[in-house]
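Visitor: please work out how this folds:
(chains A and B)
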Amino acid sequence: MNAMPVRILLMEDDPGDVELILEALRGSRVALSVERVGDGEEGMRYLRRQGEHAAAIRPDLILLDLNMPRMDGREVLLEVKRDAGLRSIPVLVLTTSDAETDIAASYGLGANCYLQKPLGMDAFSRVLKGVEDFWLSLAKLPPRGVVWEGRP
Amino acid sequence: MGLVLLAVLPALALALHHGLEQGAKARAEAGIAVNNRAQALAAGEEGRLAAAMRLVESLAAATVVRVVDPKGCILLFSELLRQSGPGMANILAVSAGGERIAEARDAAGDGFPPGRTPIQTVSFADRDWFKQAVATKTCHAGPFVTSQGGRPLAVAACPSLGWDGEVKAVVAAVLTLDALAEAVTAAPPPPGGIVGVLAPSGILLATFPEKLPAVGRQLAASPLVRAMADKAFGGMETAGLDGEGKLVGWARIVPQRPGSPVVFVERPLAEAYAASRTLLWDHLAWLAVVGIVGLGAARFFGARLLVRPIVALVEGAEAIGRGDFATRTAGAPRIRELHRLGRAFDAMAGELEERGRVLAEKTAALENSNKDLEQFAYVASHDLQEPLRKITSFADLLGKRCAGQLDETGERYMAYMVDGARRMSQLINHLLTYSRLGTSRAAFAETELGQALDVALDNLELPLAEAGASVTRDALPAVVADATQLAQLFQNLVGNAVKYRGDAPPAVHVAARREDDAWVVSVADNGMGIAPRHFDRVFRMFQRLTTAKEHAGAGIGLAFCKRIVERHGGRIWVESVEGEGSTFFFTLPDREAGAP
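Guide: Sure, this is the predicted structure:
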């Protein structure tokens, strides 16, 4: 178990969903620190430490909603995966859509995982439990401070 | 070109026929000409014979003869012989006793070969003409016979009667064919032609202008001679005296007397028909000229007036066939029918172009509507689900957080709320799936119906096992189709058969039969069946025949089936007897593999 809490950047415009996600993550056995941004533009400013997020800390994992105002999840994916300094951060798409085009586009843009927001609180909790079990426990996340800047 | 030839050919045939007819006419004219010539010669000879006869007759009545004046006779005879021309050779006066009284001779002098009595007196008493004249006391002309010198001669004799009616003397003249010879020499027959005189006995008496070897021979066996004996005049094509083919015309010198010699004219066929042949060649030459000029003109004008406009029409039609509806026929053909055809063609092309434009507009509208549908599908999958998810999730959360604070009614209300939201979410999902059936981009490929059924049965494993259902099948064909959708189709139909089962364990039978250019597939069950009035309704979306309590389901399965079958160009229907079972039929027309 990591001594330092796992830093998660949540890009989600819907306050209800934010609350549901936080609620689902509340009982997590892993120490977490969740930062939330309301749209893609703000998310990119956070990742690049610009503007109000100049003091932001690089996240270990990104939870990304696809449909957001101004800059949506797909554009965020494109930007992150094109940026050599950000490319290594795992991006988990978490969205209501189960459209095949969205799933295909997300993986095509380099998403690490595609999750559909399920119906009902119990199902929702199970999905985030899965994320916790796999991504926060089982999977080894990229080491902090070591950024491999080469081409993928 | 062939068409033009077809038009010109009858004209050529007509011209050729006319040429041949003209030729035949020329031949007939040649025949008539040769016959006329023979008749003219014969008539001339007849006239001379008659004149000679009259001369002899009048001499017989002359005083010098009756008084038996030899000197006077000789003078008279010589003068008459000189005047009478070549038709007469000798004139002779003989006493009743047969002795010569006087004689005038021509140069040849072979007219009356003198006969001698035993006492060496010249006597003509034994001559036929003398005997006949004495016996009959009438004038008489003998037949032509060839003299010793080879000259055909005939004797005409008249008795000179005294006052008492007794024969005092006989006057005779020798008739020759020299006048005929002169007439022929004056107007000779064409080269190779010949004029001949034939004795009724069949002996050839003479030929003019030259004497042929056949003269003096008996020719009675030749077909020509037989024909001459039969008719006073005529003409025919036959072998001539020299054996060559000849056109022959003939005429009896004295037409009424069968014993009269015949004058005939021979012309070589080649020469006689030269005119007709020339005529034919002229015709053929003109024919060729007219034919060539006609064909050339037909080709030229045909190409301009007929072929070119038709080719233009054909090219236009081909262009339209390729989808180039803007094509129009260029220029107005000068032939009225072609002009009309061209206008009709242009009108048709205009109509097609208009229809193509309308079709393009409709297609664009359809594409737009399809895009809208896809947009709707996306909205349904995300934006409509979003609030529902919110309702259910927070209802759940509320239920958990406030457990114990709500009374039983409050909890029931909450359950209704959650259930409603869930069902709405389900409906949206079905709608979504339904709309996606039409926008699937999967290609149609060769698919074994049996394999699609296997997939469906795998998916239905649990419900089939729970119901104790049995599924049987006939041999199923391979079709060109979307394999996934076919499996969905079978899954819905077999699933329905199990879901709407009767009292007995479900038994489903899948079969296929060939009908024209399509397969008709049937899925028969022994379930509860459907009333005929519902046969159409079952295929409509969200139409249910049973309540949700009786049978779970959104009322969308058969609407799915209908959409799938229709996307494959087929048709779906049901036949059923309530309480006994239903049979669902669908058709899958033959098609090429490729995009749907």
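Visitor: what's the closest non-adjacent residue to the closest residue to chain A within the stretch 201-350 of chain B?
Guide: Going by C-beta to the nearest C-beta, chain A is nearest to residue B:323 of the stretch 201-350 of chain B, at 32.7 Å. No exception for glycine: its C-beta is placed from N, CA and C like everyone else's. In space, residue B:323 comes closest to residue B:356 once its chain neighbours are excluded; the distance is 7.8 Å by C-beta to C-beta, 6 or more residues apart in numbering or on different chains.
Visitor: now the one helix or strand the one you found maps to, how far from the centre of its chain.
Guide: Per DSSP states H and E, residue B:356 falls inside helix B:336-379. Taking C-alpha atoms, centre = their mean, to the nearest Å, one finds the center of helix B:336-379 at 45 Å from the center of the full chain.
Visitor: give me the packing partners of that helix, helices and strands only.
Guide: Helices and strands touching helix B:336-379, by 3 or more C-beta pairs under 8 Å, 6 or more residues apart in numbering or on different chains; DSSP states H and E, are helix B:308-321, helix B:408-439.
Visitor: can you list the ones you listed in a markdown table and add mean neighbour count, mean pLDDT and distance to chain A?
Guide: As requested, the helices and strands packed on helix B:336-379 are exported to a markdown table (neighbours: other C-beta atoms under 10 Å in any protein chain shown; pLDDT from 0 to 100; distance: least, C-beta to the nearest C-beta, whole Å):
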| stretch | mean neighbour count | mean pLDDT | distance to chain A |
| --- | --- | --- | --- |
| helix B:308-321 | 15 | 81 | 39 |
| helix B:408-439 | 15 | 80 | 6 |
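Visitor: list the contacts for whatever residue of chain A ends up closest to chain B?
Guide: Across chain A, no residue is closer to chain B than residue A:121, which sits at 3.2 Å (C-beta to the nearest C-beta). The contact partners of residue A:121, by C-beta atoms under 8 Å, 6 or more residues apart in numbering or on different chains, come to A:20, A:23-24, B:392-394, B:396-397, B:400.
Visitor: do that again at 6 Å, thanks
Guide: Residues near residue A:121 by C-beta atoms under 6 Å, 6 or more residues apart in numbering or on different chains: B:393, B:396-397.
Visitor: ignoring the adjacent residues along the chain, who's closest to it?
Guide: Nearest to residue A:121 is residue B:396, by C-beta to C-beta, 6+ apart, at 3.2 Å.
Visitor: before we move on, back to that, how many neighbours does the residue of the stretch 201-350 of chain B closest to chain A have?
Guide: 9 (other C-beta atoms under 10 Å in any protein chain shown).
Visitor: that one - that's part of a helix, no?
Guide: No. Using DSSP: H, G, I helix; E, B strand; the rest coil, the secondary structure at residue B:323 is coil, not a helix.
Visitor: quick check: phi and psi on it?
Guide: When read as degrees, to the nearest 10, the backbone of residue B:323 gives phi 100, psi 10.
Visitor: same question for stretch B:52-68, mean pLDDT?
Guide: Across stretch B:52-68, pLDDT averages out at 79.
Visitor: send me it as PDB with only the CA atoms.
Guide: In PDB, the C-alpha atoms belonging to stretch B:52-68 read as follows (Å, rounded to 0.1, in the frame of the first residue of the first chain):
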ATOM      1  CA  ALA B  52     -43.400 -16.100-166.900                       C
ATOM      2  CA  MET B  53     -46.500 -18.200-167.000                       C
ATOM      3  CA  ARG B  54     -48.400 -15.300-168.500                       C
ATOM      4  CA  LEU B  55     -45.700 -14.800-171.000                       C
ATOM      5  CA  VAL B  56     -45.700 -18.400-172.100                       C
ATOM      6  CA  GLU B  57     -49.500 -18.300-172.300                       C
ATOM      7  CA  SER B  58     -49.500 -15.200-174.500                       C
ATOM      8  CA  LEU B  59     -46.800 -16.600-176.700                       C
ATOM      9  CA  ALA B  60     -48.800 -19.800-177.200                       C
ATOM     10  CA  ALA B  61     -51.500 -17.500-178.600                       C
ATOM     11  CA  ALA B  62     -49.100 -15.500-180.700                       C
ATOM     12  CA  THR B  63     -49.600 -15.700-184.500                       C
ATOM     13  CA  VAL B  64     -46.000 -16.500-185.200                       C
ATOM     14  CA  VAL B  65     -46.300 -19.700-183.300                       C
ATOM     15  CA  ARG B  66     -49.600 -20.600-184.700                       C
ATOM     16  CA  VAL B  67     -48.500 -20.200-188.200                       C
ATOM     17  CA  VAL B  68     -45.300 -21.900-187.300                       C
END
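Visitor: give me the residues contacting it.
Guide: B:72-73, B:76, B:88, B:93, B:101, B:139, B:156, B:158, B:160, B:168-169, B:171, B:173, B:175.
Visitor: low-scoring stretches of chain A, by residue?
Guide: For chain A, applying pLDDT under 70 flags the ranges A:1-3, A:146-152.
Visitor: how about the residues of it that lie near chain B?
Guide: A:16, A:20, A:96-99, A:119-121, A:124 (C-beta under 6 Å from any C-beta of the partner chain).
Visitor: if we use 7 Å, what do you get?
Guide: Along chain A, the residues adjacent to chain B under the rule C-beta under 7 Å from any C-beta of the partner chain are A:16, A:20, A:23, A:67, A:96-99, A:117, A:119-122, A:124.
Visitor: could you flag which of those are buried?
Guide: A:20, A:23, A:67, A:96-99, A:117, A:119-121, A:124 (16 or more other C-beta atoms under 10 Å in any protein chain shown).
Visitor: just give me the closest of the residues you listed to residue B:231.
Guide: The closest of those to residue B:231 turns out to be residue A:99 (C-beta to C-beta; 119.1 Å).
Visitor: helices along chain A, start to end?
Guide: For chain A, the helices defined by DSSP state H occupy A:15-25, A:40-47, A:73-82, A:100-108, A:121-131.
Visitor: distance to residue B:314 for these - can I get that in TSV?
Guide: Converted to TSV, those look like this (distance: least, C-beta to C-beta, whole Å):
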stretch	distance to residue B:314
helix A:15-25	69
helix A:40-47	63
helix A:73-82	55
helix A:100-108	49
helix A:121-131	69
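Visitor: okay, these, which one's buried deepest?
Guide: Most buried of those by mean neighbour count (mean count of other C-beta atoms under 10 Å in any protein chain shown) is helix A:40-47; its value is a mean of 22.
Visitor: now do the phi/psi pair for the residue in the stretch 251-400 of chain B that chain A sits nearest to.
Guide: Residue nearest to chain A within the stretch 251-400 of chain B: residue B:396 (3.2 Å; C-beta to the nearest C-beta). Main-chain torsions, residue B:396, degrees, to the nearest 10: phi -60, psi -50.
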